[in-house]
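Asks: need a 3D model of the following:
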Amino acid sequence: MEDKIQFYGKQYKFISNPEYYAFSFDPKRVLIRNYALRTGNHLLYLAYIGVNYPTHIIDEMQNLEYLTRSLICLDQEQAREWFSKHDVTMVQSDISIYDKDAILTIFLLGTDQQITIPLEEKDELVYNLMDTEDLLQLRDLFWIDSRIS
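Replies: Residues are numbered from 1 along each chain as shown. Prediction:
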């Protein structure tokens, strides 16, 4: 995780200053949350929130618990079946979409919405969108937030 924090820090020059970022976009918070969810080390994330965003601690404890129960890890074929079963065609990653540890959230596209994603020019490391068919070609393990609203 430290290597990722260093790498993201180079991209987001102010990663060590959470006051620079809005709570939801703080790259270090997103990385630590991702790690906490995948490993079960929730105390690390809650400690970070307690120090840097104390007004969010109660909500984040509840969100972490809720998401932990809905998080699934699937191989490529299982993910393909799950996406198909739930008519999911677009996902959003918490960390880089190309990272095998990225937690994917279902992105529901409204019938009147159209989005264009120029992935070749994409330089954001957090909250990327990608078509599920394209994503299925990139790796063989998928962390998915199975909540569909």
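Asks: list the contacts for Asp99?
Replies: Counting by Cβ atoms under 8 Å, 6 or more residues apart in numbering, Asp99 touches 4, 93. In this view, the C-beta of every residue, glycine as well, is placed from N, C-alpha and C.
Asks: try it again at 10 Å.
Replies: Taking Cβ atoms under 10 Å, 6 or more residues apart in numbering as the contact definition, Asp99 lies against 4, 31, 34, 93, 125, 128, 138-139, 143.
Asks: and if you look at Leu43?
Replies: Neighbours of Leu43 in contact, by Cβ under 10 Å, 6+ apart: 36, 50.
Asks: tell me the SS of it?
Replies: Secondary structure, DSSP: H, G, I helix; E, B strand; the rest coil: Leu43 is helix.
Asks: so which of the contacts of Asp99 is the closest to Cys73?
Replies: For the contacts of Asp99, the residue nearest Cys73 by Cβ to Cβ is Trp143; the value is 5.4 Å.
Asks: outline the domain layout of the protein.
Replies: 2-70, 71-145 (automatic domain parsing).
Asks: which strands and helices sit next to the strand or helix carrying Glu81?
Replies: For Glu81, the enclosing helix or strand under DSSP states H and E is helix 76-85. Under the contact criterion of 3 or more Cβ pairs under 10 Å, 6 or more residues apart in numbering; DSSP states H and E, helix 76-85 touches strand 71-75, strand 90-93, strand 103-106, helix 132-136, strand 141-145.
Asks: thinking again about what came up before, select only the buried ones of the contacts of Asp99 in PyMOL?
Replies: Per 16 or more other Cβ atoms under 10 Å, the buried members of the contacts of Asp99 correspond to this PyMOL selection:
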select buried, resi 4+31+34+93+125+128+143
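Asks: center of the protein - which residue?
Replies: A centroid search over the chain (Cα atoms, centre = their mean) returns Asp94, at 1.7 Å, as the residue closest to the centre.
Asks: wait, what's in contact with that one?
Replies: 30-31, 33-34, 37, 101-105, 126-128, 143, 145.
Asks: can you redo the domains of the chain as CSV with mean pLDDT?
Replies: Below are the domains of the chain laid out as CSV (pLDDT from 0 to 100):
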stretch, mean pLDDT
domain 2-70, 87
domain 71-145, 85
